[in-house]
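Participant: no FASTA, just this:
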């Protein structure tokens, strides 16, 4: 197997009339999804050569997923862009990936992007399938061809595009459903946006197994009763969700309203799962399987997993577990020596086929993050240095110990605080700014000196950054303190803030 489309094609042959994907407005069978994707792929051939990026800017929907698969049929890779992104970030992403064209159903609502042809998927669907041309595209394809590019926060203020190839997804999805007993009888409720790699597990697990994929609209996560009704009405069996999404249900006392009793798999990732919220899920669904997943975008979804076999104790910090098959996960100390003893923190590093190709059009950043394994001096072995710290517990399970730098996980998203700082520093009335992460309260705090009021600063940031990157608290100070080395003294800022708040 060399192409993820083989998953879709096998399910279309085996289960042609079964619903493959649905949203509140529409649904497609496996055969219809396969045929529609081939028509879109055929129509794209005059606009994009194989291995070129094609951007998709649409709300998550059946049509958006069909467009993504059409891009893959054209031999290209998709770059999904959330239409809720600020105009500046939208244009930044386009400037980095330089797509051959942009697919959208609402071109009038997007900023002008000179030189990027804009196409409507609904119009592409009216074109006939060109089977010989699609066969020719497939014949020259390689398993190392890019499949998608997900943009994450970048430390320079410019988003970084993580390029992942077919082989990496095939390697991961080749074992993921079997490990957790997922099959064609499952109904997967997709929570993650398509520009977040949790959705990769939903999409390709469904295609591989012949399961049904149910797309959950974003708005349902602010109306917990509608969310639970939707899960129950669709008889959802499997949730592969960000921790923050699961927590929303319990924070708003959703289980007092309704329990989705068909759910038998709850797999979560992105942040530390608070024990009190996990216990509420375990109480509501006592027969369900709960799994803690870990892994950055650069290693294709996840590299470790931990099966939760007990009711979470108050304040318990779950391990992130052991490596997935065909992935090597290990710890290095500050001198690049391997750590094997329990309780000793080190940087978590990963090796294996699942590693991403690198960062789109950024060889310098790629070279910094994807390096030769310092433990291997006899042959090339590429590893990804996650920047995350972990340690082994007494059972040999890995336990997450926090970030080595200023990169954080928040609301299921990976964020580099430097990108927020860059946006704050770009506001004319701000003299200088920096950001800190308050781990205790789980919030981003922005400090700045300048003439603007905190409310005005936040308003300016909403024009530059997604909502989840806006500091929950903005603090104006007379000056930003420096360490003896001339660096911003973030520890002092946070200490002074705590003293002011009396915490």
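Facilitator: Cool, the structure landed. Every value quoted in this text rests on a predicted model; they were computed, and no experiment measured them. Residues are numbered from 1 along each chain as shown.
Participant: show the pLDDT at the closest residue in space to residue 443 that isn't next to it in sequence.
Facilitator: Computed as Cβ to Cβ, 6 or more residues apart in numbering, the closest residue to residue 443 that is not its neighbour in sequence is residue 472, at 3.9 Å. Backbone N, C-alpha and C define where each C-beta goes, glycine included. pLDDT recorded at residue 472 is 92.
Participant: look up the residues forming beta bridges with the residue nearest to residue 318 when sequence neighbours are not counted.
Facilitator: The shortest distance from residue 318 to any non-neighbouring residue, by Cβ to Cβ, 6+ apart, is to residue 292 (4.7 Å). Taking DSSP bridges as the rule, residue 292 bridges to residue 268, residue 306.
Participant: residue 292 and residue 276, how far apart?
Facilitator: 15 Å (Cβ to Cβ, to the nearest Å).
Participant: end-to-end on stretch 79-99?
Facilitator: 8 Å (Cα to Cα, to the nearest Å).
Participant: list the buried residues in that stretch.
Facilitator: By neighbour count with 16 or more other Cβ atoms under 10 Å, stretch 79-99 contains the buried residues 79-83, 85-86, 89-94, 96-97, 99.
Participant: so who does the most centrally placed residue in the chain touch?
Facilitator: With distances taken as Cα atoms, centre = their mean, the residue of the chain nearest its centroid is residue 196 (2.7 Å). Applying Cβ atoms under 8 Å, 6 or more residues apart in numbering, we find residue 196 in contact with 150, 242, 412, 413.
Participant: just among those residues, which is most surrounded?
Facilitator: Top of these by neighbour number is residue 150, holding 24 neighbours under the definition other Cβ atoms under 10 Å.
Participant: need the phi and psi values for it.
Facilitator: Main-chain dihedrals, residue 150, degrees, to the nearest 10: phi -100, psi 130.
Participant: skipping its backbone neighbours, what lies nearest it in space?
Facilitator: Per Cβ to Cβ, 6+ apart, closest to residue 150 is residue 162, 5.1 Å.
Participant: packing partners for the host helix or strand of that neighbour?
Facilitator: When elements are assigned from DSSP states H and E, residue 162 belongs to strand 160-165. Packing partners of strand 160-165 (3 or more Cβ pairs under 8 Å, 6 or more residues apart in numbering; DSSP states H and E): helix 87-97, strand 146-152, strand 358-359.
Participant: before we move on, back to that, tell me which of the contacts of residue 196 has the lowest pLDDT.
Facilitator: residue 412 (77).
Participant: for that residue, give me its contacts.
Facilitator: The contact partners of residue 412, by Cβ under 8 Å, 6+ apart, come to 192, 196, 198, 242, 243, 244, 245, 269, 270, 271.
Participant: neighbours around the last one, how many?
Facilitator: Using other Cβ under 10 Å, residue 271 has 18 neighbouring residues.
Participant: does it touch residue 408 like I think?
Facilitator: No: counting by Cβ atoms under 8 Å, residue 271 sits too far from residue 408 to count as a contact (9.2 Å).
Participant: count of residues packed around residue 379?
Facilitator: 7.
Participant: how much space separates it from residue 337?
Facilitator: For residue 379, the distance to residue 337 - Cβ to Cβ - is 20 Å.
Participant: likewise for residue 32?
Facilitator: In terms of Cβ to Cβ, residue 32 sits 55 Å off from residue 337.
Participant: residue 342 bridge partners, please.
Facilitator: residue 392.
Participant: surely it touches residue 397?
Facilitator: No: counting by Cβ under 8 Å, residue 342 stays clear of residue 397, with 9.6 Å between them.
Participant: and those two? Which one has more around it.
Facilitator: residue 397 (17 against 13).
Participant: which ones are touching the more buried one?
Facilitator: 306, 319, 320, 321, 322 are the contacts of residue 397 under Cβ under 8 Å, 6+ apart.
Participant: neighbours of the first one, how many?
Facilitator: A count of nearby residues for residue 306, using other Cβ under 10 Å, gives 18.
Participant: list the contacts of it.
Facilitator: Residue 306 touches 291, 292, 294, 318, 319, 320, 321, 322, 397, counting by Cβ under 8 Å, 6+ apart.
Participant: which residue in these has the weakest pLDDT?
Facilitator: Among these, residue 318 has the weakest pLDDT, 92.
Participant: what's the distance between it and residue 388?
Facilitator: 15 Å.
Participant: now residue 10
Facilitator: 36 Å.
Participant: okay, now the domains of the protein?
Facilitator: 1-13+21-166, 174-319, 326-403, 416-501 (automatic domain parsing).
Participant: now do the same end-to-end measure for the second one.
Facilitator: In other words, domain 174-319. So domain 174-319: terminal residues 24 Å apart, Cα to Cα.
Participant: looking at the contacts of residue 306, which are in strands?
Facilitator: 291, 292, 294, 322 (DSSP state E).
Participant: so which of these is the most crowded?
Facilitator: The ones in strands among the contacts of residue 306, ranked by neighbours (other Cβ under 10 Å): first place residue 294, 24 neighbours.
Participant: thinking that residue is in contact with residue 319, fair?
Facilitator: No: Residue 294 is beyond contact range of residue 319, at 9.1 Å (criterion: Cβ under 8 Å).
Participant: any common contacting residues for these two?
Facilitator: 306, 398.
Participant: what strand or helix carries residue 432?
Facilitator: For residue 432, the host element (DSSP H and E) is strand 430-438.
Participant: figure out which of the helices and strands packed on strand 160-165 is closest to residue 490.
Facilitator: Set against residue 490 and scored by Cβ to Cβ, the helices and strands packed on strand 160-165 come closest in strand 146-152, at 21.7 Å.
Participant: that closest one vs strand 160-165, what angle?
Facilitator: 160 degrees (axes from the mean of the first three to the mean of the last three Cα atoms, to 10 degrees).
Participant: name the helices or strands packed onto strand 146-152?
Facilitator: strand 77-80, helix 87-97, strand 160-165, helix 166-173, strand 413-416.
Participant: tell me the first helix or strand C-terminal of the second one.
Facilitator: Okay, so that is helix 87-97. Heading C-terminal from helix 87-97 (DSSP H and E), you reach strand 102-103.
Participant: that following strand: partners in the sheet, and parallel or antiparallel?
Facilitator: Within its sheet, strand 102-103 is paired with strand 53-56 (parallel), strand 118-119 (parallel), according to DSSP bridges.
Participant: what residues does the top helix by length along the chain touch?
Facilitator: As assigned by DSSP state H, the longest helix anywhere in the chain is helix 30-44. Helix 30-44 is touched from outside by 8-9, 11-12, 15-21, 28, 54, 65-67, 69-74, 76, 101, 119, 121, 124-125, 127-131, 133-134, 137, 210, with contacts defined as Cβ under 8 Å, 6+ apart.
Participant: where are the low-confidence patches of the stretch 1-150 of the chain?
Facilitator: Residues of the stretch 1-150 of the chain meeting the criterion pLDDT under 70: none.
Participant: helices of the stretch 351-500 of the chain, residue ranges please.
Facilitator: For the stretch 351-500 of the chain, applying DSSP state H, counting those that start in this stretch gives helices covering 363-369, 417-425, 454-462, 490-501.
Participant: deepest-packed of these, please.
Facilitator: Comparing these by mean neighbour count (mean count of other Cβ atoms under 10 Å), helix 417-425 ranks first with a mean of 22.
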